[in-house]
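Trainee: next come a sequence and a model predicted from it.
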Amino acid sequence: MPLAIETTRLAKRFGRTTALHGIDLAVEQGAVFGLIGPNGAGKTTLMRVLLDLIRPSSGRAAVLGREPRGAGPALRREIGFLPGELRLEGRISGHELLRHYARISGRVAPAAVDVLAERLGLDLGRQVRTLSKGNKQKLGLVQAFMHRPRLLVLDEPTSGLDPLVQQEFLAMVREARELGQTVFLSSHVLSEIQQAADTVAILRAGRVVTVSDVESLRLTAIRRVRVGIADATAQQLQTALAAIPNVTELAFTELGGSDGDGTRMTARVEGGIDPFLKAIARFTVNDLVAEEPDLEESVLRLYNTDASDGDEAGAR
Ligand SMILES: Nc1ncnc2c1ncn2[C@@H]1O[C@H](COP(=O)(O)OP(=O)(O)OP(=O)(O)O)[C@@H](O)[C@H]1O
């Protein structure tokens with residue numbers, strides 16, 4: 001069985017900007033493969049090469065065993081593509097627009113469009129130009145999924161979606177995997193990739209920094225945590241957390257003076273959060289906020305790259 005996606009020393013230059021510096025990637029059929037990286041890393045460029053929307057400067061790409069260049073509509077029908085910047089014809093309804101796309105993608109099961117629209121909460125009767133950004137994104141997702149393509153290439157698929165719809169999208173990805181479809185998706189949000197993907201490639205400044213399974217990424221996640229404790233002093237909290245090695249940068253504010261309204265604490269938790277939660281659970285917790293793990297801090301530093309060192313690949 002050929003790989004779903006294979007690139008060999010794939011490079012793309014735009015004038016003096018090098019967007020991709022020789023990318024080697026292999027995506028197995030049936031996998032959910034996440035591409036993650038900061039702005040300007042080259043995620044969109046890579047996807048556009050795979051879809052033959054742009055041509056590589058050097059190197060090779062193969063999609064479902066074929067070179068995108070010259071493979072034409074037959075390969076295109078096997079792919080469901082959600083572009084990062086969706087441009088949709090506005091003066092027709094969602095229904096009409098999807099009928100138009102179905103003529104290109106072919107083989108759309110009669111009920112598929114309605115089922116997907118219903119799941120995402122999208123009104124297909126409305127004129128496309130009157131839809132909000134999130135609803136346009138839903139329309140883009142419906143057109144990518146509706147013909148059950150062998151390969152889904154999704155550029156920032158949850159951009160603009162509210163959290164409930166994001167969860168529905170993640171369920172759609174899981175079902176696609178169960179049906180044997182391959183999903184190749186990009187994001188700059190670590191938690192989203194962790195929920196959706198089995199394997200993750202980290203792209204930075206046009207290079208693959210690492211390819212890793214999602215479980216190992218989870219261990220490296222760094223979170224900032226804020227906690228309000230009703231019945232402990234800074235000293236008590238310090239003592240309770242002293243023996244937990246993955247908790248650092250502790251800072252305390254004691255509230256309320258003599259009668260003691262408790263203490264506010266911030267901390268940096270690297271890796272599993274469970275030991276931290278167990279240690280504070282003996283006190284009365286009023287409030288707990290665990291921020292989204294930070295991609296740059298969690299992942300890029302692990303591989304000895306300077307996360308602040310310019311996002312734009314061409315800047316160097
Ligand atoms: N058509 C183009 N002309 C010139 N430079 C381009 C073009 N497209 C992309 N680039 C440059 O290539 C690099 C990679 O951009 P790309 O859009 O692929 O990154 P990305 O990882 O998708 O970023 P984001 O998360 O911001 O969408 C950037 O330096 C960008 O400025």
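Mentor: Alright, I've got the coordinates. Since we're looking at a predicted model, the values are computed, not measured.
Trainee: looking at the protein, which helix is longest?
Mentor: Criterion DSSP state H: the longest helix present in the chain is helix 163-178.
Trainee: now it, how far from the centre of its chain.
Mentor: Relative to its chain's centre, helix 163-178 lies at 12 Å (Cα atoms, centre = their mean, to the nearest Å).
Trainee: may I have that helix as CSV, with CA atoms only?
Mentor: Listed in CSV are the C-alpha atoms of helix 163-178, where the atom choice follows Å, rounded to 0.1, in the frame of the first residue of the first chain:
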residue,chain,number,x,y,z
PRO,A,163,-15.6,25.1,21.3
LEU,A,164,-18.7,22.8,20.8
VAL,A,165,-18.3,22.8,17.1
GLN,A,166,-14.6,22.1,17.5
GLN,A,167,-15.5,19.0,19.5
GLU,A,168,-17.8,17.9,16.7
PHE,A,169,-15.1,18.4,14.2
LEU,A,170,-12.7,16.2,16.3
ALA,A,171,-15.4,13.5,16.4
MET,A,172,-15.6,13.7,12.6
VAL,A,173,-11.8,13.2,12.4
ARG,A,174,-12.1,10.1,14.6
GLU,A,175,-14.8,8.7,12.5
ALA,A,176,-12.8,9.4,9.3
ARG,A,177,-10.0,7.4,10.8
GLU,A,178,-12.4,4.5,11.7
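Trainee: pull the residues that contact that helix.
Mentor: When contacts are taken as Cβ atoms under 8 Å, 6 or more residues apart in numbering, the neighbours of helix 163-178 outside the stretch itself are 30-32, 116, 119-121, 134, 138, 141, 145, 152, 157-158, 161, 183, 185, 192, 195-196. Yep, even glycine has a C-beta here, placed from its N, CA and C like the rest.
Trainee: likewise stretch 242-250?
Mentor: Stretch 242-250 is touched from outside by 237-238, 241, 265-272, 275-276, 279, with contacts defined as Cβ under 8 Å, 6+ apart.
Trainee: what average pLDDT does it get?
Mentor: When pLDDT is averaged along stretch 242-250, the result is 92.
Trainee: give me the buried positions along it.
Mentor: Burial within stretch 242-250, assessed by neighbour count using 16 or more other Cβ atoms under 10 Å, is assigned to V247.
Trainee: straight-line length of it, end to end?
Mentor: Distance between the boundary residues of stretch 242-250 (Cα to Cα, to the nearest Å) amounts to 10 Å.
Trainee: so how far is that stretch from its chain's centroid?
Mentor: Computed by Cα atoms, centre = their mean, the chain-centroid distance of stretch 242-250 equals 29 Å.
Trainee: centroid-nearest residue for this structure?
Mentor: Relative to the mean C-alpha position of the chain, the nearest C-alpha, by Cα atoms, centre = their mean, is the one of S187, at 2.9 Å.
Trainee: just give me the least confident of the contacts of stretch 242-250.
Mentor: Within these, lowest confidence goes to G271 (82).
Trainee: what's the spacing between that one and the ligand?
Mentor: Distance from G271 to the ligand, counting by Cβ to the nearest ligand atom, to the nearest Å: 26 Å.
Trainee: my read: D261 touches L255, true?
Mentor: Yes. Applying Cβ atoms under 8 Å, one finds D261 in contact with L255, separated by 4.2 Å.
Trainee: can you give the strand pairings for the next helix or strand after the longest helix of the chain, parallel or anti for each?
Mentor: Remark: after helix 163-178, the chain's next helix or strand is strand 182-187, criterion DSSP states H and E. In the sheet containing strand 182-187, the strands it pairs with under DSSP bridges are strand 32-36 (parallel), strand 151-155 (parallel).
Trainee: just say helix, strand or coil for V227.
Mentor: Counting by DSSP: H, G, I helix; E, B strand; the rest coil, the backbone at V227 sits in strand.
Trainee: could you do L217 as well?
Mentor: Classification of L217 using three-state DSSP returns helix.
Trainee: just the pLDDT at it, thanks.
Mentor: 73.
Trainee: go on, S258?
Mentor: We note a pLDDT of 53 for S258 in this prediction.
Trainee: ditto for E292
Mentor: The per-residue pLDDT of E292 was computed as 74.
Trainee: excluding sequence neighbours, find me the nearest residue to it.
Mentor: Here the nearest residue to E292 in space, its sequence neighbours aside, is S191; by Cβ to Cβ, 6 or more residues apart in numbering that works out to 5.7 Å.
Trainee: the strands paired with strand 182-187: which one's closest to the ligand?
Mentor: With Cβ to the nearest ligand atom as the measure, strand 151-155 is the member of the strands paired with strand 182-187 nearest the ligand (7.1 Å).
Trainee: in a markdown table, list the strands paired with strand 182-187 along with distance to L288 and mean pLDDT.
Mentor: Below are those laid out as a markdown table (distance: least, Cβ to Cβ, whole Å; pLDDT from 0 to 100):
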| stretch | distance to L288 | mean pLDDT |
| --- | --- | --- |
| strand 32-36 | 26 | 94 |
| strand 151-155 | 32 | 97 |
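Trainee: alright, that wraps it up for me.
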